[in-house]
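**Student:** here is a sequence with its predicted model. Questions after.
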Amino acid sequence: QKEVEQDPGPLSVPEGAIVSLNCTYSNSAFQYFMWYRQYSRKGPELLMYTYSSGNKEDGRFTAQVDKSSKYISLFIRDSQPSDSATYLCAMSVIQGAQKLVFGQGTRLTINP
Amino acid sequence: EAGVVQSPRYKIIEKKQPVAFWCNPISGHNTLYWYLQNLGQGPELLIRYENEEAVDDSQLPKDRFSAERLKGVDSTLKIQPAELGDSAVYLCASSPGGSGANVLTFGAGSRLTVL
């Protein structure tokens, strides 16, 4: 079993829909949680960063961490075609990027 | 700012041939990473440098892979000889020290196809 599980999709939704992307994990020591967005033929770019449990909002994006359930989510409101990409969750026990563990990514398509 | 620069972007070789990838990190970023990304998978760390020192190479297949970061700036990742299973994207990333150490900036990657 992988430390971080992520549904690879693909996920296809109409423009304007609310998108929910999720990851589960098995290591209860993870404390730092990130979401990266990766466009086709590009490297991942950091989208959201959270520490421990709770919610964090940035524009149309909300990251949610539930450590008791070992479950993290990324919500995208008012989704746009430009949000079409692969979304990777990543997490770490320690602060810093030295030991990031990535999920396999969910491929998302927003249809105009 | 140019970001993390990698070359070549694409490389096609026959198995058993050598190949090398080059990375120029963001200026001032002391930490440099090489990741492997297989199709449909997340990145997996191969090696991490702090300045010119390889501080984590536990996941680097040392029988065929090697890396160097001379002068603590640019880095080269080499595979010799390449195998069919090495076909993947090789991502370079860098991060600053201090409070920004959490943030990885990735390059666009070098896509290797081994025939």
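**Tutor:** In hand now; what should we look at? Keep in mind the model is a prediction, meaning the values are calculated, not measured.
**Student:** C-alpha only now, for contacts and for neighbours.
**Tutor:** OK.
**Student:** centroid-nearest residue for chain B?
**Tutor:** In chain B, the centroid-proximal residue (CA atoms, centre = their mean) is B:W34; its distance is 2.9 Å.
**Student:** how close does it sit to A:Y39?
**Tutor:** 19 Å (CA to CA, to the nearest Å).
**Student:** so the residue nearest to the centre of chain B is in which element?
**Tutor:** Using DSSP states H and E, B:W34 maps to strand B:31-37.
**Student:** that strand vs chain A: in contact?
**Tutor:** No - Strand B:31-37 stays clear of chain A (CA under 8 Å from any CA of the partner chain), getting no nearer than 8.7 Å.
**Student:** the residue lying closest to A:P44 once chain neighbours are set aside: what's it in contact with?
**Tutor:** Excluding the flanking residues, the one nearest A:P44 by CA to CA, 6 or more residues apart in numbering or on different chains is A:Q38, at 4.2 Å. Contact partners of A:Q38, counting by CA atoms under 8 Å, 6 or more residues apart in numbering or on different chains, are A:P44, A:E45, A:A85, A:T86, A:Y87, A:L88.
**Student:** what's the burial count for the third one?
**Tutor:** Using other CA atoms under 10 Å in any protein chain shown as the criterion, A:A85 is surrounded by 18 other residues.
**Student:** which intervals of the chain have sub-threshold pLDDT?
**Tutor:** No chain was given, so I picked chain A. Nowhere does chain A drop to pLDDT under 70.
**Student:** the chain in question should be chain B.
**Tutor:** Across chain B, residues meeting the criterion (pLDDT under 70) sit at B:1, B:98-101.
**Student:** what residues does it have near chain A?
**Tutor:** Residues of chain B lying near chain A (CA under 8 Å from any CA): B:40-44, B:48, B:91, B:95, B:100-109.
**Student:** could I have the buried ones of the residues you listed as ChimeraX selection syntax?
**Tutor:** To isolate the buried ones among the residues of chain B next to chain A in ChimeraX, judged by 16 or more other CA atoms under 10 Å in any protein chain shown, type:
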select /B:41,42,43,44,48,91,95,101,102,103,104,105,106,107,108,109
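**Student:** need the contact list for the residue nearest to the centre of chain B.
**Tutor:** B:L45, B:L46, B:I47, B:R48, B:L77, B:Y90, B:L91, B:C92, B:A93.
**Student:** okay if I get those as a markdown table plus secondary structure and distance to A:S28?
**Tutor:** Output for the contacts of B:W34, formatted as a markdown table (DSSP: H, G, I helix; E, B strand; the rest coil; distance: CA to CA, whole Å):
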| residue | secondary structure | distance to A:S28 |
| --- | --- | --- |
| B:L45 | strand | 21 |
| B:L46 | strand | 24 |
| B:I47 | strand | 25 |
| B:R48 | strand | 24 |
| B:L77 | strand | 34 |
| B:Y90 | strand | 29 |
| B:L91 | strand | 28 |
| B:C92 | strand | 28 |
| B:A93 | strand | 27 |
